[in-house]
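Trainee: I would like to see how this sequence folds:
(chains A and B)
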Protein chains: 2
Amino acid sequence: MPEEFNLQCPIPIGSYANITLAHGGGGRLTNRLIDTLFGSSFTNPELDERGDGAALDLPDGGKIAFSTDSYVVRPLFFPGGDIGTLAVNGTANDLAMCGAQPRWLSCGFILEEGVPIETVERVVRSMAEAAKTAGVTLVTGDTKVVDRGKGDGIYVNTAGIGTIEHTQRILPSSIRDGDAIILSGDIGRHGMAIMAVREGLEFETTIESDCAPVWPAVKRLLDGGIEIHCLRDITRGGLATALCELSEKSGLTISISESSISARDDVRGACEILGLDPMYVANEGRFIAFVPAGQAEAALELLRLEQVSESPVVIGKAVKGQTGLVTLKSLIGTERLIDMLSGEQLPRIC
Amino acid sequence: MPEEFNLQCPIPIGSYANITLAHGGGGRLTNRLIDTLFGSSFTNPELDERGDGAALDLPDGGKIAFSTDSYVVRPLFFPGGDIGTLAVNGTANDLAMCGAQPRWLSCGFILEEGVPIETVERVVRSMAEAAKTAGVTLVTGDTKVVDRGKGDGIYVNTAGIGTIEHTQRILPSSIRDGDAIILSGDIGRHGMAIMAVREGLEFETTIESDCAPVWPAVKRLLDGGIEIHCLRDITRGGLATALCELSEKSGLTISISESSISARDDVRGACEILGLDPMYVANEGRFIAFVPAGQAEAALELLRLEQVSESPVVIGKAVKGQTGLVTLKSLIGTERLIDMLSGEQLPRIC
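Mentor: Next comes the predicted model:
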C-alpha cells in the first residue's frame, strides 16, 4: 500500500476506538481526527492549509474558493434562523473567509422517512430567502431519504464556490508577527440561542442567533485596500478554538485582552447558568481578521460601515513566540492560557 | 411573500404529507419532490436545466461544472466498492456528464456516535484511492457527529468542481430529433451487487458493482471530435428513469430496442429472484450519450478504447413525437411504454 495511505497516527485520536460526539465538537478531538485520519490520507497543498475553504487555480488563470459544511443542528428551527439559513450562511461565510465572493451553492438533503413535507418546505423557503440575501445562487442539489430512526428529520450539506478577484493570499500561513487581530462584533449569540431553546431557558429578551452573511464586511476591507493576512469565522469551538488553531498554523503566539471582547448580557447570563465560557460558544456571523497593526484603525472604520460588523474591536495581536500559545489578559489583569475546546460542550450546534 | 416562494404544487408530491423512502428512490416521486418543492423555491437557468450538475460561467470567461451527491448506501461495504468509492466516483461522474474534467472534490462526513474509527479509516482510505484513480483532488472537508441512533454509521456528501475546456453545450435541452442513443455497457451491476449482499443471495460468481470513473470515456468522445448533445449516468432509477427524464426535458420521444441492452447472467438471475427489472436497477459506471446518428459509429469506436466503456451499443434514438414518451421494442417484437421508476424499488442504493 502506498505510503500516503499509512494511517499510523502521530497523535492518537484521543484514546477512543469509536467516534464520540466530541469528535464533532469542533475542538481538540475534531482537530486530531482531521489531522490524523483525513490529513494522512488526503494530503495536498490546498487541504493542508486548513483554511475555511480551499483556494483553487483554474487552468485559464482564474481563481476560485471551494468549501463545504454539513448541518445537523437541533432543533431545526431556533430564534434568529434555522438549519436552512445556517446551511446558506455557514458555507457562504467560509468562502468569504478565503477572501472570495460567494457565488454558487450546491445543496444535499438527507431526509428521514416520516419527516413532514411541510417541514422540508419551511427549510427550503428559508434557504431561498437566505441565498437571496447573501447574493448566492443554488445551482445543483441532491436528495436522499433514509429509514425512520436512521436520521433526525433533516440533515443538509452545502458546498459553495466563490470567485477570488484580488491577488492577496488570505491564509493562516500569511499571518505575520505584529498583526492586529480584529473581532467583528459581540460573541456567543448563535450557540446560546440554540442552548436556550434546548434547555428551556427564558430571559426578558430572546437570544437570537447572529447567523448572517459576512461577505459585505470582507468586501469593504478588500475594496478599502486593507492588506488582509487571514480571516476566520468563529463557529464551532468559538473564538478560543479559532485562535488556537491559527496560532498552531502560523507558528505565532497570540495575545488577546478579555476587556475588548463583548457579549450581550443575556448571552453571558445563559452561559453562567449552563456553566459555559462565551469564548468557546459558536457564532454564525462573526469573524476575526489578521491585518498589519498600522492598518487596524482603517479596517475598523471600514467594518463599521456594514451592519454585520458594526461594532468591531481590536482584541489583540500575533507575535513571535511559541506555536499554539494563546494568552488572555483577564479583566483583573492576570494572564491565562487559552486552549482549544476539549471534549464536548455544545453538541450539534450547527 | 414574494411570488418565487409560492409552493403551490402544479403536481402534488404524491398524496403524501410526509417524506417516504420512495421520495429518495430516484424515480417519479423524487422528480416530483424536486420539481415542486425545490424547483419552485430555487429557480435559475443552471438549476432548471436539471443536468447531472450545473455549468457555470466565471467572471473571467472560464467555465466550470459543479455537482453534489450525498451517499447513504447500506451496507457501507459491498463487492466492487464501498460508500467511499461511490462518493468519489458518483460525484466525479456527474461532472463528466456535464462534459467537465473532474478536478476537485469536497467531502462532508456525518458520523454516528459509536461508529468504530477503524470503519471511518477504511472509508477514508478507499476515498483516497478512488480519488487517485479518478484524477481528482479532495481539497476541503467537514466532519459532523450525530447522536447514537440518529444516523446509520456513516453518511458522506461530496461536491465536485470540473473544468469545461470545450464549447459544446452538453445538456438535456441540446438533444435533437434523430440523435442516436449510446449505452456505454451492460446494466444492473451496482444495484444487484448491493441487493445480493442485503438479501444474502449467492451465485457461482460474485456480482460486483460497476462503480468506476467514466471521465476517460467522455474525454475520448470530446477529443475525437464527437458532437455530444447530452450525457447522463444511469444511477438511481436506472436506464429507464434516465430515458424518461431526458424525454421530458428534451420534448422528444425516445425509442429503444431491448435486444441491444445487455446485462450479465448473474445480474439477470438476481433480478428474477427479486422480481426486479434490470432497466430500473442503479449503475455507477454506466452512462448514455446522445450524439448525431451520423457520428454514432465513430463514437462507438472511441468508447471501445476505454475499459469503462469497452462494450458500447446504440440502443435507440430520439425522435419528434411526444414529450415524456419512451418506447421499448421487446425481444419478441412488441412495443411497450417505459415509465419512470415509481414507488420504491431499491432503497438506499447509493
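Trainee: OK, contacts around A:Arg169?
Mentor: Each residue near A:Arg169 by CB atoms under 8 Å, 6 or more residues apart in numbering or on different chains is listed here: A:Ala55. C-beta: built from backbone N, CA, C; applies to glycine.
Trainee: where does it land in three-state SS?
Mentor: Three-state call for A:Arg169 (DSSP: H, G, I helix; E, B strand; the rest coil): coil.
Trainee: helix, strand or coil for the residue in the stretch 201-350 of chain A positioned nearest to chain B?
Mentor: Across the stretch 201-350 of chain A, the shortest distance to chain B (CB to the nearest CB) belongs to A:Arg348, at 6.6 Å. Under three-state DSSP, A:Arg348 falls in the coil class.
Trainee: what's the answer for A:Asp142, then?
Mentor: At A:Asp142 the chain is in strand, as set by three-state DSSP.
Trainee: what about it, neighbour count?
Mentor: 26 (other CB atoms under 10 Å in any protein chain shown).
Trainee: so what's it scoring on pLDDT?
Mentor: Per-residue pLDDT puts A:Asp142 at 94.
Trainee: swap in A:Ile256?
Mentor: pLDDT recorded at A:Ile256 is 98.
Trainee: hmm, the strand or helix carrying A:Ser106 touching chain B?
Mentor: Here A:Ser106, judged by DSSP states H and E, is contained in strand A:101-112. Yes - using CB under 8 Å from any CB of the partner chain, strand A:101-112 comes into contact with chain B via A:103-104, A:106-112.
Trainee: and stretch A:142-156, by the same measure?
Mentor: Yes - judged by CB under 8 Å from any CB, stretch A:142-156 comes into contact with chain B through A:142-147, A:149-152, A:155.
Trainee: could I get the full set of helices for the stretch 251-350 of chain A?
Mentor: Per DSSP state H, counting those that start in this stretch, the stretch 251-350 of chain A carries helices over the ranges A:265-274, A:296-303.
Trainee: and those helices as a markdown table, adding mean neighbour count, distance to B:Gly321 and mean pLDDT?
Mentor: A markdown table is the format used below for the helices of the stretch 251-350 of chain A (neighbours: other CB atoms under 10 Å in any protein chain shown; distance: least, CB to CB, whole Å; pLDDT from 0 to 100):
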| stretch | mean neighbour count | distance to B:Gly321 | mean pLDDT |
| --- | --- | --- | --- |
| helix A:265-274 | 18 | 64 | 94 |
| helix A:296-303 | 19 | 60 | 98 |
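Trainee: wait, the residue of the stretch 201-350 of chain A closest to chain B sits on A:Val72?
Mentor: Yes - if you go by CB atoms under 8 Å, A:Arg348 and A:Val72 touch, sitting 5.3 Å apart.
Trainee: domain map for chain A?
Mentor: Dividing chain A into domains by automatic domain parsing, as the record does, gives the ranges A:44-163, A:172-338.
Trainee: winner for burial among the ones you listed?
Mentor: domain A:44-163 (a mean of 23; mean count of other CB atoms under 10 Å in any protein chain shown).
Trainee: what about that one, how long is it end to end?
Mentor: This stretch, domain A:44-163, spans 21 Å end to end (CA to CA, to the nearest Å).
Trainee: wait, what's in contact with the closest residue to chain B within the stretch 151-300 of chain A?
Mentor: The minimum distance from the stretch 151-300 of chain A to chain B, using CB to the nearest CB, falls at A:Ala159 (3.2 Å). Neighbouring residues of A:Ala159 by CB under 8 Å, 6+ apart: A:66-68, A:91, A:105-106, B:66, B:68, B:106, B:108, B:157, B:159.
Trainee: pipe those residues into a markdown table and attach distance to B:Leu239 and pLDDT per row.
Mentor: Shown next, in a markdown table, are the contacts of A:Ala159 (distance: CB to CB, whole Å; pLDDT from 0 to 100):
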| residue | distance to B:Leu239 | pLDDT |
| --- | --- | --- |
| A:Phe66 | 32 | 97 |
| A:Ser67 | 35 | 97 |
| A:Thr68 | 31 | 97 |
| A:Thr91 | 34 | 98 |
| A:Leu105 | 30 | 97 |
| A:Ser106 | 25 | 97 |
| B:Phe66 | 25 | 97 |
| B:Thr68 | 23 | 97 |
| B:Ser106 | 29 | 97 |
| B:Gly108 | 29 | 97 |
| B:Asn157 | 25 | 98 |
| B:Ala159 | 26 | 98 |
